[in-house]
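Asks: Would you be able to build a 3D model of this:
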Amino acid sequence: MRIVCLTLMALVCTLAVLVAPVPSQADAGEELLRKLNGEWRGRGTAIMPGRQKAERVTCSIENRWDAEASTLEVSGQCASSQGKSPVSGRLELKGGVVSGSFLGDFEGSTPTRSGGAVTSRELVVVTSFVNNATGALSQTRQVIRPSARGFSAEFFLYDNRSRSYEKSGDMEFSGS
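Replies: Presented below is the predicted three-dimensional model:
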(Lines give C-alpha, C1' and ligand atoms only; values in the text may rest on other atoms or scores of the structure.)
Protein backbone atom coordinates (compact mmCIF):
# COMPACT_ATOMS: atom_id res chain seq x y z
CA MET A 1 0.00 0.00 0.00
CA ARG A 2 2.78 2.39 0.82
CA ILE A 3 4.19 2.15 -2.70
CA VAL A 4 1.29 4.36 -3.75
CA CYS A 5 2.34 6.86 -1.18
CA LEU A 6 5.72 6.99 -2.72
CA THR A 7 3.31 9.93 -4.66
CA LEU A 8 2.65 9.61 -5.04
CA MET A 9 4.52 6.86 -5.57
CA ALA A 10 5.28 6.68 -5.58
CA LEU A 11 5.28 12.18 -7.62
CA VAL A 12 8.77 8.30 -7.11
CA CYS A 13 13.92 8.06 -12.97
CA THR A 14 17.33 7.27 -11.95
CA LEU A 15 19.13 10.12 -10.33
CA ALA A 16 21.35 11.23 -13.13
CA VAL A 17 23.86 13.98 -13.22
CA LEU A 18 21.65 16.99 -13.73
CA VAL A 19 22.82 19.94 -15.75
CA ALA A 20 21.80 23.26 -14.20
CA PRO A 21 18.98 24.66 -16.29
CA VAL A 22 18.90 28.15 -17.74
CA PRO A 23 16.87 30.66 -15.68
CA SER A 24 13.79 30.33 -17.91
CA GLN A 25 13.68 26.58 -17.17
CA ALA A 26 13.94 27.27 -13.43
CA ASP A 27 11.04 29.75 -13.68
CA ALA A 28 8.99 27.22 -15.66
CA GLY A 29 9.70 24.56 -13.00
CA GLU A 30 8.50 26.89 -10.27
CA GLU A 31 5.35 27.57 -12.30
CA LEU A 32 4.60 23.83 -12.50
CA LEU A 33 5.10 23.35 -8.74
CA ARG A 34 2.80 26.33 -8.11
CA LYS A 35 0.14 24.63 -10.25
CA LEU A 36 0.34 21.58 -7.96
CA ASN A 37 -0.66 23.77 -4.99
CA GLY A 38 -4.07 22.93 -3.50
CA GLU A 39 -6.31 20.03 -2.57
CA TRP A 40 -6.49 17.08 -4.96
CA ARG A 41 -8.33 13.78 -5.30
CA GLY A 42 -6.99 11.02 -7.47
CA ARG A 43 -7.92 7.58 -8.79
CA GLY A 44 -5.89 4.98 -10.57
CA THR A 45 -4.05 1.68 -10.19
CA ALA A 46 -0.80 0.57 -8.61
CA ILE A 47 1.08 -2.60 -7.80
CA MET A 48 1.41 -2.76 -4.04
CA PRO A 49 4.45 -4.18 -2.22
CA GLY A 50 4.40 -7.97 -2.10
CA ARG A 51 1.67 -8.28 -4.73
CA GLN A 52 1.83 -9.22 -8.39
CA LYS A 53 -1.28 -7.46 -9.73
CA ALA A 54 -2.30 -3.83 -9.85
CA GLU A 55 -5.04 -2.66 -7.45
CA ARG A 56 -7.46 0.26 -7.67
CA VAL A 57 -6.22 3.14 -5.51
CA THR A 58 -7.74 6.47 -4.43
CA CYS A 59 -5.84 9.37 -2.87
CA SER A 60 -6.75 12.64 -1.19
CA ILE A 61 -3.80 15.03 -0.86
CA GLU A 62 -3.00 18.63 -0.10
CA ASN A 63 0.04 20.32 -1.62
CA ARG A 64 1.32 23.61 -0.24
CA TRP A 65 3.71 25.70 -2.33
CA ASP A 66 5.84 28.16 -0.33
CA ALA A 67 7.26 30.66 -2.83
CA GLU A 68 9.69 32.23 -0.34
CA ALA A 69 11.26 28.90 0.62
CA SER A 70 10.75 27.34 -2.85
CA THR A 71 9.28 24.23 -1.23
CA LEU A 72 6.31 21.97 -1.92
CA GLU A 73 4.82 20.28 1.16
CA VAL A 74 2.72 17.17 0.47
CA SER A 75 0.27 15.57 2.91
CA GLY A 76 -2.75 13.29 2.70
CA GLN A 77 -3.63 9.64 2.37
CA CYS A 78 -4.15 6.90 -0.19
CA ALA A 79 -6.35 3.81 0.11
CA SER A 80 -7.02 0.53 -1.65
CA SER A 81 -9.21 -2.42 -0.70
CA GLN A 82 -6.32 -3.51 1.54
CA GLY A 83 -6.30 -0.38 3.75
CA LYS A 84 -5.12 3.22 4.04
CA SER A 85 -1.65 4.75 4.09
CA PRO A 86 -0.45 8.32 4.78
CA VAL A 87 1.30 10.45 2.16
CA SER A 88 3.81 13.10 3.21
CA GLY A 89 6.93 14.80 1.99
CA ARG A 90 8.77 18.01 1.23
CA LEU A 91 10.58 18.99 -1.96
CA GLU A 92 12.83 22.00 -2.38
CA LEU A 93 13.44 23.64 -5.77
CA LYS A 94 16.79 25.21 -6.65
CA GLY A 95 17.36 26.19 -10.28
CA GLY A 96 15.08 23.52 -11.75
CA VAL A 97 16.53 20.74 -9.56
CA VAL A 98 14.43 19.27 -6.77
CA SER A 99 15.76 17.69 -3.59
CA GLY A 100 14.33 16.42 -0.32
CA SER A 101 11.80 13.77 0.52
CA PHE A 102 8.71 13.66 -1.63
CA LEU A 103 7.35 10.59 0.12
CA GLY A 104 7.04 9.22 3.60
CA ASP A 105 7.92 5.75 4.81
CA PHE A 106 6.99 2.70 2.86
CA GLU A 107 6.31 -0.50 4.73
CA GLY A 108 9.50 -1.64 6.41
CA SER A 109 11.72 0.70 4.39
CA THR A 110 13.36 4.05 4.97
CA PRO A 111 13.89 6.65 2.22
CA THR A 112 17.61 7.35 1.81
CA ARG A 113 17.60 9.87 -1.04
CA SER A 114 14.99 11.65 -3.09
CA GLY A 115 15.40 14.18 -5.87
CA GLY A 116 15.07 14.93 -9.53
CA ALA A 117 14.16 17.74 -11.89
CA VAL A 118 11.21 19.89 -12.85
CA THR A 119 10.37 21.71 -16.09
CA SER A 120 7.22 23.40 -17.33
CA ARG A 121 6.02 20.00 -18.59
CA GLU A 122 6.86 17.54 -15.81
CA LEU A 123 8.22 16.81 -12.36
CA VAL A 124 10.37 13.68 -12.16
CA VAL A 125 11.30 12.38 -8.70
CA VAL A 126 13.48 9.35 -7.92
CA THR A 127 13.48 7.97 -4.40
CA SER A 128 15.89 5.34 -3.07
CA PHE A 129 14.90 3.15 -0.12
CA VAL A 130 16.67 0.69 2.15
CA ASN A 131 14.78 -2.33 3.51
CA ASN A 132 15.02 -2.06 7.30
CA ALA A 133 15.22 -5.84 7.80
CA THR A 134 17.54 -6.90 4.96
CA GLY A 135 19.43 -3.76 3.98
CA ALA A 136 18.41 -4.28 0.34
CA LEU A 137 18.13 -1.13 -1.76
CA SER A 138 15.17 -0.29 -4.01
CA GLN A 139 14.22 2.68 -6.14
CA THR A 140 11.04 4.30 -7.43
CA ARG A 141 10.46 6.94 -10.08
CA GLN A 142 7.43 9.22 -10.27
CA VAL A 143 6.53 11.40 -13.23
CA ILE A 144 3.98 14.15 -12.57
CA ARG A 145 2.49 16.08 -15.52
CA PRO A 146 -0.21 18.75 -15.77
CA SER A 147 -3.44 17.53 -17.35
CA ALA A 148 -6.70 19.13 -18.46
CA ARG A 149 -8.37 18.60 -15.06
CA GLY A 150 -5.34 18.74 -12.74
CA PHE A 151 -2.33 16.45 -13.01
CA SER A 152 -1.39 12.86 -13.81
CA ALA A 153 1.09 10.68 -11.95
CA GLU A 154 2.93 7.66 -13.35
CA PHE A 155 4.81 5.31 -11.03
CA PHE A 156 7.77 3.06 -11.80
CA LEU A 157 9.77 0.51 -9.78
CA TYR A 158 13.38 -0.25 -10.61
CA ASP A 159 13.94 -3.91 -11.50
CA ASN A 160 17.48 -5.01 -10.61
CA ARG A 161 17.36 -8.05 -12.91
CA SER A 162 16.54 -6.11 -16.08
CA ARG A 163 18.28 -2.94 -14.86
CA SER A 164 15.35 -0.83 -15.95
CA TYR A 165 12.24 0.83 -14.58
CA GLU A 166 8.95 -1.01 -14.96
CA LYS A 167 5.65 0.84 -14.83
CA SER A 168 3.81 0.01 -11.61
CA GLY A 169 0.82 2.35 -11.75
CA ASP A 170 -0.79 5.60 -12.76
CA MET A 171 -3.33 8.04 -11.34
CA GLU A 172 -5.27 11.05 -12.52
CA PHE A 173 -5.82 13.91 -10.01
CA SER A 174 -8.39 16.68 -10.12
CA GLY A 175 -9.10 19.59 -7.79
CA SER A 176 -11.42 18.87 -4.89
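Asks: Going by residue numbers, what spans are strands in the protein?
Replies: 38-47, 54-66, 71-80, 83-94, 97-101, 109-118, 123-131, 137-146, 150-159, 164-175 (DSSP state E).
Asks: Each with direction, which strands does the third one pair with?
Replies: It stands for strand 71-80. Partners of strand 71-80 in the sheet, by DSSP bridges, are strand 54-66 (antiparallel), strand 83-94 (antiparallel).
Asks: ok, back up a step: tell me which of the strands of the chain sits nearest to residue 30.
Replies: Set against residue 30 and scored by C-beta to C-beta, the strands of the chain come closest in strand 83-94, at 6.1 Å. Every C-beta, even on glycine, is put in place using the N, C-alpha and C of the backbone.
Asks: That closest one vs strand 109-118, what angle?
Replies: Angle of strand 83-94 versus strand 109-118, following axes from the mean of the first three to the mean of the last three C-alpha atoms, to 10 degrees, is 40 degrees.
Asks: thinking again about what came up before, mind checking the strands of the chain for the one nearest to residue 28?
Replies: Judging those by C-beta to C-beta, what sits closest to residue 28 is strand 109-118, at 8.2 Å.
Asks: ok so, going back, with mean neighbour count, mean pLDDT and distance to residue 29 added, can I get the strands of the chain in TSV?
Replies: Formatted as TSV, the strands of the chain follow (neighbours: other C-beta atoms under 10 Å; pLDDT from 0 to 100; distance: least, C-beta to C-beta, whole Å):
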stretch	mean neighbour count	mean pLDDT	distance to residue 29
strand 38-47	19	93	18
strand 54-66	18	94	12
strand 71-80	19	92	11
strand 83-94	18	87	6
strand 97-101	19	83	8
strand 109-118	20	85	4
strand 123-131	23	89	8
strand 137-146	21	91	12
strand 150-159	21	92	14
strand 164-175	18	94	19
